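In: This is a predicted model, with the sequence first.
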There are 2 protein chains.
Amino acid sequence: MTDPLPSADLLTFFKALAHESRLKLVGLLTERERSVQELASLVALKEPTVSHHLAMLKEAGLVSLRQDGNTHWYALETKTLAARAKTMLMKEKFAELAVAGQSEDKAVLNYLTPDGRLKAFPATQKKRRPILAWLARHFDEGRTYSEAEVNETIERRHHDRETFRREMVGHKMLARKGGTYWRLPEAEWVS
Amino acid sequence: MTDPLPSADLLTFFKALAHESRLKLVGLLTERERSVQELASLVALKEPTVSHHLAMLKEAGLVSLRQDGNTHWYALETKTLAARAKTMLMKEKFAELAVAGQSEDKAVLNYLTPDGRLKAFPATQKKRRPILAWLARHFDEGRTYSEAEVNETIERRHHDRETFRREMVGHKMLARKGGTYWRLPEAEWVS
DNA sequence: GATCTAATTCGACAATTATCTAATTAGATA
DNA sequence: TATCTAATTAGATAATTGTCGAATTAGATC
């Protein structure tokens, strides 16, 4: 709330600018601050619609609001634009997003060859777990696999089908009954 | 097609990056080029979906494609990213968008006060026309107006209701029958 | 040529977003 | 207080976009 640059992330920023009307609004604000009415008439949209777009731009930190009487004056925040432009040049910022929400899987990337196979299988238990999870996610939930099918699916990523099959069962990622396997819900996987 | 920077405009660029999956793909490509399969497994989406996203990124000039056998290797185009970052700092680029598709109306902006009223009414016929068009667009098509309503609508933008009412009728922007007015289709307006 | 594999295209469906009208809020003014 | 005005919020609908499975294409391999 007191952030000079609101906590808007890269995605919020791009979404804010990914619409013709909002791009136009930004364009109109490059010249000077403007009221909602004025903007609505200039882009030929109704005021509520413009209000909605301005809220998104504001959320992204791209415009600021100054209230005078009951007229709301919106102004472009060129600082934000400049800051984002700089961010865009830092590749790491995108890389961070790539692993957001899958932090556990981050490490897996180091073990993959360019064509998506496993280079190696680490020795320590802690490092193994995310790799097994990654592998287990290649099985569909809600169907069964014969042992041959399980082996095939594993071998597409690593030659050592025995080890991986055994370990996935051990972690309760796959269940086995006789010669039939199926994937278990991720919530039940054990460390 | 042979454009080094594809003819993608700003909007295409922002749209391309305005989705979490595509931002992740870009993130994964910061490290090195990758195949569709690999990307699909890393972002946990099906190949057709990833293919679709990559097409959008390609359209925006953000990725390039190198084909080897039937494997498609996508790589990040950092040049485009840099070029766009630079563009973002040039306010005029946004301003251009603001008037795209309404080139005729561009001139009108010079005659508007901050609160959307007309500052003046130019003397030359050529300059008047777009202003009258702008004003006429404030009337809804498909309903009728009493003369008093027409006057009100005009006066919200300029005090001289007589002149504007007369001129709009003259240009066939508004039609009159007795004391009732209505807006005519834009195609029929005359110069 | 037949088959296999990686990728794309197609068509359907789901989810998200844009837009409008109507209702509401908040400030200014009578 | 009542009223007017500018803006926002709510709710409904329309338009756009994302996702998937199925079908197709294009290159490689047998």
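Out: Cool, got the structure. Residues are numbered from 1 along each chain as shown, chains lettered A, B, ... in the order given.

In: Could you tell me how far the residue lying farthest from the centre of chain A is located from residue A:60?
Out: Most distant from the centre of chain A: residue A:69, at 40.9 Å, with distances by C-alpha atoms, centre = their mean. As judged by C-beta to C-beta, to the nearest Å, residue A:69 and residue A:60 stand 26 Å apart. Using the backbone N, CA and C atoms, a C-beta is placed for each residue, glycine as well.

In: which SS class is residue A:159?
Out: coil (DSSP: H, G, I helix; E, B strand; the rest coil).

In: how many neighbours does it have?
Out: 11 (other C-beta atoms under 10 Å in any protein chain shown).

In: Around DNA strand D, pick out the residues from chain A.
Out: Applying C-beta under 7 Å from any atom of the strand, we find that chain A lies next to DNA strand D at A:35-37, A:47-48, A:50-52, A:54-55, A:65, A:70-72.

In: So which of those residues wins on neighbours?
Out: Counting by other C-beta under 10 Å, top hit in those: residue A:50 with 23 neighbours.

In: thinking that residue is in contact with residue A:43, fair?
Out: Yes. With contact defined as C-beta atoms under 8 Å, residue A:50 and residue A:43 form a contacting pair (6.8 Å).

In: okay, and the common contacts of those two?
Out: Contact criterion C-beta atoms under 8 Å, 6 or more residues apart in numbering or on different chains; residues shared by residue A:50 and residue A:43: A:21, A:25.

In: quick one: contacts for residue A:87?
Out: Under the criterion of C-beta under 8 Å, 6+ apart, the neighbours of residue A:87 are A:10, A:93.

In: Check it and give its pLDDT.
Out: Note on residue A:87: pLDDT of 87.

In: Restrict the helix or strand bottoming out on mean pLDDT in chain A to CA atoms and write it as PDB.
Out: Scoring the helices and strands of chain A by mean pLDDT, DSSP states H and E places helix A:91-99 at the bottom, with a mean of 73. Only the C-alpha atoms of helix A:91-99 are listed here, as PDB (Å, rounded to 0.1, in the frame of the first residue of the first chain):
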ATOM      1  CA  LYS A  91      16.700 -12.500 -18.000                       C
ATOM      2  CA  GLU A  92      16.700 -13.800 -14.500                       C
ATOM      3  CA  LYS A  93      13.400 -12.100 -13.800                       C
ATOM      4  CA  PHE A  94      11.700 -14.300 -16.400                       C
ATOM      5  CA  ALA A  95      13.600 -17.300 -15.100                       C
ATOM      6  CA  GLU A  96      12.200 -16.800 -11.700                       C
ATOM      7  CA  LEU A  97       8.700 -16.900 -13.000                       C
ATOM      8  CA  ALA A  98       9.400 -20.100 -14.800                       C
ATOM      9  CA  VAL A  99       9.800 -21.900 -11.600                       C
END
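
In: which of the residues of chain A next to DNA strand D are close to chain B?
Out: Checking those against chain B by C-beta under 8 Å from any C-beta of the partner chain, the ones in range are A:35, A:37, A:71.

In: How is chain A partitioned into domains?
Out: Chain A breaks down into these domains under automatic domain parsing: A:10-87, A:102-188.

In: now the first one, how far from the centre of its chain.
Out: The chain centre lies 25 Å from the centre of domain A:10-87; the measure is C-alpha atoms, centre = their mean, to the nearest Å.

In: wait, does that domain contact DNA strand C?
Out: Yes. Residues of domain A:10-87 are located near DNA strand C by C-beta under 7 Å from any atom of the strand, namely A:15, A:18-19, A:21-22, A:45-46, A:48-49, A:52-53, A:56, A:67, A:69-70.

In: Next, the buried residues of stretch A:72-90.
Out: In terms of neighbour count (16 or more other C-beta atoms under 10 Å in any protein chain shown), stretch A:72-90 has its buried residues at A:72-74, A:76-77, A:80-81, A:84-85, A:88.

In: Now intersect those residues with the strands, please.
Out: A:72-74, A:76 (DSSP state E).

In: Among these, which one lies nearest to residue A:9?
Out: Nearest to residue A:9 among these is residue A:76, at 20.0 Å by C-beta to C-beta.

In: Looking at the closest one now. What's its pLDDT?
Out: Note for residue A:76: predicted pLDDT of 95.

In: What residue, apart from its backbone neighbours, is nearest it spatially?
Out: Residue nearest to residue A:76 in three dimensions, not counting chain neighbours: residue A:29, with 4.1 Å by C-beta to C-beta, 6 or more residues apart in numbering or on different chains.

In: Name the helix or strand for the one you found, please.
Out: Residue A:29 is part of helix A:20-31 when elements are defined by DSSP states H and E.

In: report the angle between the axes of that helix and strand A:71-76?
Out: Angular relation of helix A:20-31 and strand A:71-76 on a 0 to 180 degree scale: 90 degrees, by axes from the mean of the first three to the mean of the last three C-alpha atoms, to 10 degrees.

In: Could you tell me the average pLDDT over helix A:20-31, please?
Out: Mean predicted lDDT for helix A:20-31 stands at 92.

In: So which residues lie in contact with that helix, not counting its own?
Out: A:16-17, A:34, A:39, A:42-43, A:45, A:49-50, A:53-54, A:56-57, A:62-63, A:74-76, B:10-11, B:14, B:91-92, B:94-100.

In: average pLDDT for whichever helix or strand comes after it?
Out: Next along the chain after helix A:20-31, taking DSSP H and E as the criterion, comes strand A:34-35. Strand A:34-35 shows a mean pLDDT of 92 in the predicted model.

In: and what of stretch A:139-159?
Out: The average pLDDT within stretch A:139-159 is 79.

In: How about that stretch and DNA strand C, touching?
Out: No. Shown here: stretch A:139-159 not in contact with DNA strand C (C-beta under 7 Å from any atom of the strand), separated by at least 7.8 Å.
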